[in-house]
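Asker: Got a predicted structure here, sequence first:
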Amino acid sequence: MIHYTDRIIIEPNIRFGRPCVKGTRIAVYDILSWLASGMSNEQIVSDYPEIQEEDIKASLAFAADKEHKLRVA
């Protein structure tokens, strides 16, 4: 399991408190949208060199954990 807390942060002053990749203004939502539209990890990293493939995996882990918590609640 990826420990997304090392890479995903929530700061009220960055993107209105949306979860983002640490050190960037790239939201988890943005990454998930790019993946859903068919972009590969390599394409995303090429277009946005400030993130790494581990950030994409952390975004997926964050989304999976959030979904799991919603289902358990």
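Answerer: Here it is on my side, so go on.
Asker: Can I get stretch 40-48 as CSV, trimmed to CA atoms?
Answerer: C-alpha atoms of stretch 40-48 as CSV (Å, rounded to 0.1, in the frame of the first residue of the first chain):
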residue,chain,number,x,y,z
SER,A,40,-0.8,7.3,-19.5
ASN,A,41,1.4,7.9,-16.4
GLU,A,42,4.3,8.7,-18.8
GLN,A,43,2.3,11.3,-20.7
ILE,A,44,1.3,13.0,-17.4
VAL,A,45,4.8,13.1,-16.1
SER,A,46,6.0,14.4,-19.5
ASP,A,47,3.4,17.2,-19.6
TYR,A,48,3.8,18.0,-15.9
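Asker: Off-centre distance for that stretch?
Answerer: Remark: stretch 40-48 is offset 13 Å from the chain centroid, using CA atoms, centre = their mean, to the nearest Å.
Asker: buried residues in that stretch?
Answerer: Burial within stretch 40-48, assessed by neighbour count using 16 or more other CB atoms under 10 Å, is assigned to 41, 44-45, 48. (Glycine included, C-beta is placed from N, CA and C.)
Asker: do the same with stretch 26-35
Answerer: So stretch 26-35, judged by 16+ other CB under 10 Å, has buried residues 26-28, 30-31, 34-35.
Asker: ok, Cys20 - contacts?
Answerer: Neighbouring residues of Cys20 by CB atoms under 8 Å, 6 or more residues apart in numbering: 8-11, 14, 26-28.
Asker: so who does Val21 touch?
Answerer: 7-9, 27-28, 31, 50-51, 55, 58-59.
Asker: that older thread, as TSV, the contacts of Cys20 with distance to Glu67 would be great.
Answerer: Shown next, in TSV, are the contacts of Cys20 (distance: CB to CB, whole Å):
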residue	distance to Glu67
Ile8	14
Ile9	19
Ile10	17
Glu11	22
Ile14	23
Ile26	20
Ala27	17
Val28	12
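Asker: Mind checking which of the residues you listed land in strands?
Answerer: 8-10 (DSSP state E).
Asker: Now flag whichever of the residues you listed is closest to Asp65.
Answerer: Nearest to Asp65, judged by CB to CB, of the ones in strands among the contacts of Cys20 is Ile8 at 9.7 Å.
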